[in-house]
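1. Pasting a predicted model and its sequence here:
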Amino acid sequence: MRIDAHHHLWDLSRRPQPWLTGEELAPIDRTFVLDDLRPHLAAHGIDATVLVQSSGSLDETRELLAIAEKSDGLVAGVVGWADLTDPELPAVLASLTGPLVGIRHQVQDEADPSWLARPQVRAGLAAVAAADLAFDLLVTPAQLPAAIDTVAALPELRFVLDHGAKPPIASGEWQPWADLVTELAALPNVSCKLSGLITEANWQTWRPQDVLPYARHLLTAFTPPRVLFGSDWPVSTLAGCYADVVALTEQSVAALPPTDQAAVFGTTAARVYNLR
């Protein structure tokens, strides 16, 4: 089974996306529904997907779960949003019906680089673990030290690093991102998505050779059994098409044995997210 472990959908007639502002994001400042994605999945042999939240809204999470329920298994799981600081979080999680497989918060937007270390947040993450859900880590390199400490403090929780912690590909910088990612990868309860990398490069001029060293570092640090393919569609369309993302991932893993390639393109996602 080939799985796209990270994509988004949003309907602006139902719910605004507050982050869709500015001329740069104008190309994706419109509604994207599952039928828009289906042809790309079919063209690249993708059998199932994980649909990921894009705003901090419980109502959106419920809407994404409804989409999954009506998708005939194409959307195999949803990574939704819930307020990690809510003392009623266990009851909230229990109320979310459908194929909920994880929770995500836009930590990258938090001004405090140690936000993940706050006691209320840690309590919320413990509740996510108790519900047998994964937690998607959406962080920047500056937030990696707090992420490392948090993953170490919660060995019972399955963490998934989104977009490789957003490496500075456009500038060509390597450190401290590379060493911090290696330190994070040493912890056994965290996996990593090969996703969102082309939008960290120069959108207009990037070439595979700009991105591949970062992708291969992630593969080396985490090893293929803890790496997942994700398209980050439609955000990725700011820098390329769906085929570009698939081709880049295939190039990243081309030298690996077939079992490792299968892990990146499906086995890891199925295990980490308990996909049925």
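-> Perfect, thanks for sending it.
2. which one is R15 nearest to, not counting chain neighbours?
-> E60 (5.7 Å; Cβ to Cβ, 6 or more residues apart in numbering). C-beta here means a position set from N, CA and C on the backbone, and glycine is covered the same way.
3. again, but for L219
-> Per Cβ to Cβ, 6+ apart, closest to L219 is V227, 5.7 Å.
4. Let me see the contact set for the one you found.
-> 191-194, 218-219, 263-264, 268 (Cβ atoms under 8 Å, 6 or more residues apart in numbering).
5. any idea which of those residues is the one closest to L34?
-> K193 (20.1 Å; Cβ to Cβ).
6. ok, the strand or helix carrying that closest one: who's next to it in the sheet?
-> In this structure, K193 sits in strand 190-194 according to DSSP states H and E. Sheet pairing for strand 190-194, assigned by DSSP bridges, gives strand 158-161 (parallel), strand 227-229 (parallel).
7. among those, which is nearest L125?
-> Per Cβ to Cβ, nearest to L125 of these: strand 158-161, 8.9 Å.
8. from the chain's centre, how far out does the next helix or strand after that closest one sit?
-> As assigned by DSSP H and E, the chain's next helix or strand after strand 158-161 is helix 177-185. Distance of helix 177-185 from its chain centroid, counting by Cα atoms, centre = their mean, to the nearest Å, is 17 Å.
9. tell me what helix 177-185 is packed against?
-> Helices and strands touching helix 177-185, by 3 or more Cβ pairs under 8 Å, 6 or more residues apart in numbering; DSSP states H and E, are helix 144-153, strand 190-194, helix 208-222.
10. got a list of what R118 touches?
-> 85, 112.
11. from here on, count from 425
-> Right, with 425 as the first residue, what we last looked at is R542.
12. Give me the pLDDT for it.
-> pLDDT recorded at R542 is 96.
13. What separation is there between it and W657?
-> The spacing between R542 and W657, counted by Cβ to Cβ, to the nearest Å, is 32 Å.
14. List phi and psi for the residue nearest to W630 when sequence neighbours are not counted.
-> Sequence neighbours aside, I622 is the residue nearest to W630 in space, at 6.0 Å (criterion: Cβ to Cβ, 6+ apart). When read as degrees, to the nearest 10, the backbone of I622 gives phi -70, psi -30.
15. pLDDT at I622, what is it?
-> At I622, pLDDT is 98.
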